[in-house]
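Novice: Based on what follows, work out the 3D shape:
(7 chains)
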Amino acid sequence: MNIKPLGDRIVIKVLEEEERTKGGIVLPDTAKEKPQKGEVVAVGSGEIIDGKKVPLEVKVGDKIIFSKYAGTEVKLDSEEYLILRQSDVLAILE
Amino acid sequence: MNIKPLGDRIVIKVLEEEERTKGGIVLPDTAKEKPQKGEVVAVGSGEIIDGKKVPLEVKVGDKIIFSKYAGTEVKLDSEEYLILRQSDVLAILE
Amino acid sequence: MNIKPLGDRIVIKVLEEEERTKGGIVLPDTAKEKPQKGEVVAVGSGEIIDGKKVPLEVKVGDKIIFSKYAGTEVKLDSEEYLILRQSDVLAILE
Amino acid sequence: MNIKPLGDRIVIKVLEEEERTKGGIVLPDTAKEKPQKGEVVAVGSGEIIDGKKVPLEVKVGDKIIFSKYAGTEVKLDSEEYLILRQSDVLAILE
Amino acid sequence: MNIKPLGDRIVIKVLEEEERTKGGIVLPDTAKEKPQKGEVVAVGSGEIIDGKKVPLEVKVGDKIIFSKYAGTEVKLDSEEYLILRQSDVLAILE
Amino acid sequence: MNIKPLGDRIVIKVLEEEERTKGGIVLPDTAKEKPQKGEVVAVGSGEIIDGKKVPLEVKVGDKIIFSKYAGTEVKLDSEEYLILRQSDVLAILE
Amino acid sequence: MNIKPLGDRIVIKVLEEEERTKGGIVLPDTAKEKPQKGEVVAVGSGEIIDGKKVPLEVKVGDKIIFSKYAGTEVKLDSEEYLILRQSDVLAILE
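Specialist: Numbers count the residues shown, from 1 in each chain, chains lettered A, B, ... in the order given. Next up, the predicted model:
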């Protein structure tokens, strides 16, 4: 991967998901934001908290859940990636 | 549980509640936000406060009250969960 | 009381008050927010200020004045309570 | 006085003021906020600044000028008081 | 002067200024805020920055330039004054 | 120069610039804010950061680029100046 | 380069990019902000974090990805540049 995200940022590859119900209809029942899944391909050098550089909890290869509308799309070598801040990562799937 | 929430986040299973009155009618008397109940199924590694990692007060198995519109829904193995920040937890039921 | 509020939160029982004037008419003369009274039934473990846990000033049994629209209603054993932050408490009545 | 304001709050008794001009007409010449006068009847235990409790500058008995729309009205023993934060106090009259 | 401003506040007497052009017409050419001049008549005890009281840079007798819409008007002994925060003072004229 | 800006403020003289294109027409191609140039004529005593006074990077005589709509105009001895905060200065021209 | 950006600012030269699809049509599929590429031509002296000057991660010559609407355009010697804060830089391309 030839990209180095800055500070507390990470680069991920978005993972596709089944979004249709069995009957083929999407029925949103709440206004809550749906998260998305991704795989981490690069991580920044860390977050500066109270003057100290704290390494990120997220590592390359982790499968993560992130807030749907977070981040910035970027195309590299005709592949689409997403640059997020670690704070947009909700959880790591294990 | 195969999910690890980040930082001060927790994963809960929402607990269903009776919402109808005895006569079957809902009569909201104020504009105050109604809370909901949930059971904690996973907790993050802690919150960083002034440069130190402080473990969360909430533990796996706790029954909690949380703000209704907080959090992000996530489906894992066809079960619905909710990812919250600990600050969205109002109280622990004992 | 089987509820433990988190951090700087407290649980109160709202105290009813006479709201009608002697002549039976309410005459609001300003747009200022009216406070309400309550009795504290449970307190959180304290507030974290600059990395240190500071115990709350408010104690169980205190009669308090709080901002009217603050807090979240919660029903426990068919009784109504209110969960507030200590910062929503204006004063203690003695 | 049977009321103890919390933290950096104070309780005052508002002082009435002549508001009419000599000719009996009010002529606001700017949009600037008019202050009001009050007498301090109770003060909180102090303000926490960077982890230390700093006693308030304002004392019981002080006559103060405060921002007109600040504070919360409270009625005690059929007397009207106002609960303010010390930051709403502009100056002490001597 | 019988007024003591609190903390980082100062009391000033506004200085009148010629506002008409030579031809008698005001032609604002930008939307930029016009400043005003004043003379300092009282200063607060200082500003608390990171837990330490820092005395104000402005002294009684200083002629200052301040942001036009800043501050609160106050009438004392039938004279008009203005209470400002030191941060509303742009510069001292020497 | 008989003006002393406070804290992290500076006083500049705006430098005029050619704004017309060769053909005499202005064609803004983006919504981005255009900067302006100025020469520093006075600087404040410094910025207080975490309790310490840090001298300004900008010096009297520096030619600077600043954000167009920043600052407050002030007329001194029939000359027009602009009072800016150092944070409105984008770069120094050398 | 005769320009010195202040503090955590950098100066870049924007790099042009193919924006048309093979068929010649642009089809935005989401509302996400598109980033842009640039080459760093000058960097500031660093960012002050908790009272200490931290040098920038970005160096002169780095190719970077930045948020599209960030920054201020500046023309020097008839060349167009962009002044950004380091926080507007998403990643370094290697």
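Novice: Kindly list the main-chain dihedrals of residue A:88?
Specialist: Backbone torsions for residue A:88, taken as degrees, to the nearest 10, come to phi -90, psi -10.
Novice: Double-check it against residue A:68; I have them as touching.
Specialist: No. Using CB atoms under 8 Å, residue A:88 makes no contact with residue A:68, being 9.8 Å away. Using the backbone N, CA and C atoms, a C-beta is placed for each residue, glycine as well.
Novice: so where is chain A shaky, pLDDT-wise?
Specialist: For chain A, the stretches with pLDDT under 70 are A:1, A:17-34, A:51.
Novice: Which single residue in it comes nearest to chain D?
Specialist: residue A:50 (13.3 Å; CB to the nearest CB).
Novice: can you count the residues close to that residue?
Specialist: 13 (other CB atoms under 10 Å in any protein chain shown).
Novice: ditto for residue A:65
Specialist: A count of nearby residues for residue A:65, using other CB under 10 Å, gives 22.
Novice: Also residue A:63?
Specialist: Counted by other CB under 10 Å, the residues lying close to residue A:63 total 14.
Novice: can you pull the contacts of it?
Specialist: A:15, A:37-40, A:92-93 (CB atoms under 8 Å, 6 or more residues apart in numbering or on different chains).
Novice: If we use 6 Å, what do you get?
Specialist: A:39, A:93 (CB atoms under 6 Å, 6 or more residues apart in numbering or on different chains).
Novice: Also the one 3 residues further on?
Specialist: Residues counted as contacts of residue A:66 (CB under 6 Å, 6+ apart) are A:36, A:38, A:84, A:88-89.
Novice: And for residue A:56?
Specialist: So residue A:56 contacts A:43, A:46, A:86 (CB under 6 Å, 6+ apart).
Novice: I'd guessed the second one sits against residue A:52; true?
Specialist: Yep, that's residue A:46 we're talking about. No. At 9.0 Å, residue A:46 does not count as touching residue A:52 under the criterion of CB atoms under 6 Å.
Novice: the more surrounded of residue A:88 and residue A:68?
Specialist: Neighbour count, other CB under 10 Å: between residue A:88 and residue A:68, residue A:88 has more, with 21 against 11.
Novice: do you know how far the more buried one is from chain G?
Specialist: Separation of residue A:88 from chain G (CB to the nearest CB, to the nearest Å): 13 Å.
Novice: do residue A:36 as well
Specialist: For residue A:36 relative to chain G (CB to the nearest CB), the value is 12 Å.
Novice: so that residue is in which element?
Specialist: Per DSSP states H and E, residue A:36 falls inside strand A:35-43.
Novice: ok, which residues in chain A are in contact with chain G?
Specialist: Residues of chain A found near chain G (CB under 6 Å from any CB of the partner chain) are A:2-6, A:48, A:50-51, A:72-74, A:83.
Novice: Please tell me which one of those residues counts the most neighbours.
Specialist: Most surrounded of those: other CB under 10 Å gives residue A:5, at 26 neighbours.
Novice: And the strands in chain A, which stretches?
Specialist: For chain A, the strands defined by DSSP state E cover A:3-5, A:9-15, A:35-43, A:47-49, A:52-54, A:63-67, A:72-76, A:79-85, A:89-93.
Novice: The fourth one: partners in the sheet, and parallel or antiparallel?
Specialist: Just to be clear, that refers to strand A:47-49. Strand pairing for strand A:47-49, determined by DSSP bridges: strand A:52-54 (antiparallel).
Novice: so how far is the partner strand from its chain's centroid?
Specialist: Once both centres are worked out by CA atoms, centre = their mean, to the nearest Å, strand A:52-54 turns out to sit 21 Å from its chain's centre.
Novice: From residue B:52, how far out is whichever residue of chain A sits closest to chain E?
Specialist: In chain A, the residue that lies nearest chain E is residue A:50 (13.4 Å; CB to the nearest CB). Computed with CB to CB, to the nearest Å, the distance linking residue A:50 and residue B:52 is 9 Å.
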